[in-house]
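Visitor: turn this into a structure:
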Amino acid sequence: MKDLKLVEEICREIGDWMGFEIVDVEFVPGNRGWVLRVTIDKEGGVTIDDCAAFSHQLDPRLDVEDCFPGQVYTLEVSSPGLTRPLKKLQDYTRFQGRKVKIKTAREIDGRKVFKGTLVREEEGRITVKNGKRDIVIPFEDIVKANLEFEW
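Guide: Predicted coordinates:
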């Protein structure tokens, strides 16, 4: 299997051309074989038609590049949903003021899971307000982070 970086580059090229942000690209085992899962977004949100259009552009490019030689897989293109993952450092600036849930690789103040309001990103440190307390989390310690849906 070729490097997933090539698939990410192809996705970003198509995304730039079509006006989509590439939120995530994963090649993971599924119930019936492998799944190439591409998550896209745009200002105002993504529709089913957007996902289909992106898929129709991506699928033939993957075949031409032979990104997964001999590998059977399913291509899934979707929106990030209400609990969008925060993958890039820029995401933490973009979503300041929103509720987040962050899991870390190591304990910080005796915990590995933090929920609160995203205050800021500064020099690779993410500040989350939990009640009256600010918690500073180094970006490199973050294992998983998502926006939290507010009812």
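
Visitor: now residue 98: how far from residue 65?
Guide: Per CB to CB, to the nearest Å, residue 98 is found 36 Å from residue 65. Any C-beta I mention is one placed from the backbone N, CA and C, and that applies to glycine too.

Visitor: quick one: the residue of the chain most remote from its centre from residue 40, how far?
Guide: Distance from the C-alpha centroid of the chain peaks at residue 132, with 28.8 Å (CA atoms, centre = their mean). Distance, residue 132 to residue 40, by CB to CB: 37 Å.

Visitor: residue 143 is in contact with residue 101, isn't it?
Guide: No. With contact defined as CB atoms under 8 Å, residue 143 does not count as touching residue 101 (11.5 Å).

Visitor: more neighbours, the two?
Guide: residue 101 (16 against 11; other CB atoms under 10 Å).

Visitor: so what pairs up with the more buried one in the strands?
Guide: Under DSSP bridges, the beta-bridge partners of residue 101 are residue 115, residue 146.

Visitor: please apply the same query to residue 137.
Guide: Taking DSSP bridges as the rule, residue 137 bridges to residue 126.

Visitor: for it, grab the count of nearby residues.
Guide: Counted by other CB under 10 Å, the residues lying close to residue 137 total 21.

Visitor: repeat for residue 46
Guide: Residue 46 has 20 nearby residues by other CB under 10 Å.

Visitor: one more: residue 145?
Guide: 23.

Visitor: how close does it sit to residue 95?
Guide: Taking CB to CB, one finds residue 145 at 10 Å from residue 95.

Visitor: shared neighbours, the two?
Guide: Residues within reach of residue 145 and of residue 95 at once, by CB atoms under 8 Å, 6 or more residues apart in numbering, are residue 86.
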